[in-house]
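>>> Compute the structure for the input listed below.
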Amino acid sequence: MSSNKRDNILNAALLLFVEQSYTGTTVPDIANKANVGTGTIYRYFESKEVLVNDLYQHWVAELEYALTHDFYKIGVSMREQFHHLIQRIIGFANRNIHALLFIDNNSGRHYLNEHSKNMFNRILSFLGELLESGKQQGLITPLPSNALIAIVYGALVYFYRIILDGGLVETSNLLASLEECCWNAIRVH
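Reported below is the predicted structural model:
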């Protein structure tokens, strides 16, 4: 862990929120895992809700950057864009699997503030625009975009949940097959 107490608190909270959930984690649990006193947490975050929102906003911003940075749609086929998108989600998950699962576990929850919710909605909008483009080209099944996102993003998140739980070992062949299955699930046949 970092020598910075705030970073230690955030790292501990991330792990605990994934392992035990937000509601199942207490501030003393976080303090214990971060090796700080409970009062120290309140020097950096006025409440557990503020802490979860700060953590969520940080990781959603990281995910948004991973997905959208230098993502060019012009002159690239929909299949290539899909591949690029899947590779970015995989890369994000490989850098911090707990962050991907934390985002998924907490999206839309009542304790997230409007800013947190709006940040995730930007990601959904980006994905929705990409899928709408594919639908307009007749390449993507004309289901609602949020259903298509659930099919692909949901599959990837669950895949990494199984990996974290030790039920699968990630290999390049498995990832390629997963991508192909996700593509086949949403493309027009």
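
>>> measure stretch 69-88 end to end?
10 Å (Cα to Cα, to the nearest Å).

>>> Distance from the chain centre to it, please.
Counting by Cα atoms, centre = their mean, to the nearest Å, stretch 69-88 is centred 18 Å from the centre of its parent chain.

>>> next one: stretch 162-177
17 Å.

>>> now swap in stretch 41-49 and tell me
Relative to the centre of its chain, stretch 41-49 is centred 23 Å away, using Cα atoms, centre = their mean.

>>> what's the helix or strand for residue 168?
Element membership for residue 168, per DSSP states H and E: none, as it lies in no helix or strand.

>>> OK, contacts around it?
159, 162, 174 (Cβ atoms under 8 Å, 6 or more residues apart in numbering). Bear in mind the C-beta positions are built from the backbone N, C-alpha and C, glycine included.

>>> The same query, at a cut-off of 6 Å, please.
Residue 168 makes contact with residue 162, according to Cβ atoms under 6 Å, 6 or more residues apart in numbering.

>>> Please tell me how far it sits from residue 179.
From residue 168 over to residue 179 the distance is 15 Å, taken as Cβ to Cβ, to the nearest Å.

>>> got it, and residue 60?
For residue 60 relative to residue 179 (Cβ to Cβ), the value is 23 Å.

>>> List the buried residues for the helix with the most length in the chain?
Longest helix of the chain, by residue count under DSSP state H: helix 114-136. By 16 or more other Cβ atoms under 10 Å, the buried positions in helix 114-136 come out as 116, 119, 120, 123, 127, 128, 130, 131, 134, 135.

>>> Stretch 179-189 too?
Result for stretch 179-189 [16+ other Cβ under 10 Å]: buried residues 179, 182, 183, 186.

>>> could you redo those as a markdown table and give each row pLDDT?
Below are the buried residues of stretch 179-189 laid out as a markdown table (pLDDT from 0 to 100):
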| residue | pLDDT |
| --- | --- |
| 179 | 97 |
| 182 | 97 |
| 183 | 98 |
| 186 | 98 |
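
>>> I'd like to know which of the residues you listed is nearest to residue 151.
Distance to residue 151 across these (Cβ to Cβ) is lowest for residue 186, with 5.9 Å.

>>> which non-adjacent residue is nearest that closest one?
residue 148 (5.1 Å; Cβ to Cβ, 6 or more residues apart in numbering).

>>> Go ahead and flag the most central residue of the chain.
Central residue of the chain (Cα atoms, centre = their mean): residue 100, 3.4 Å from the mean position.
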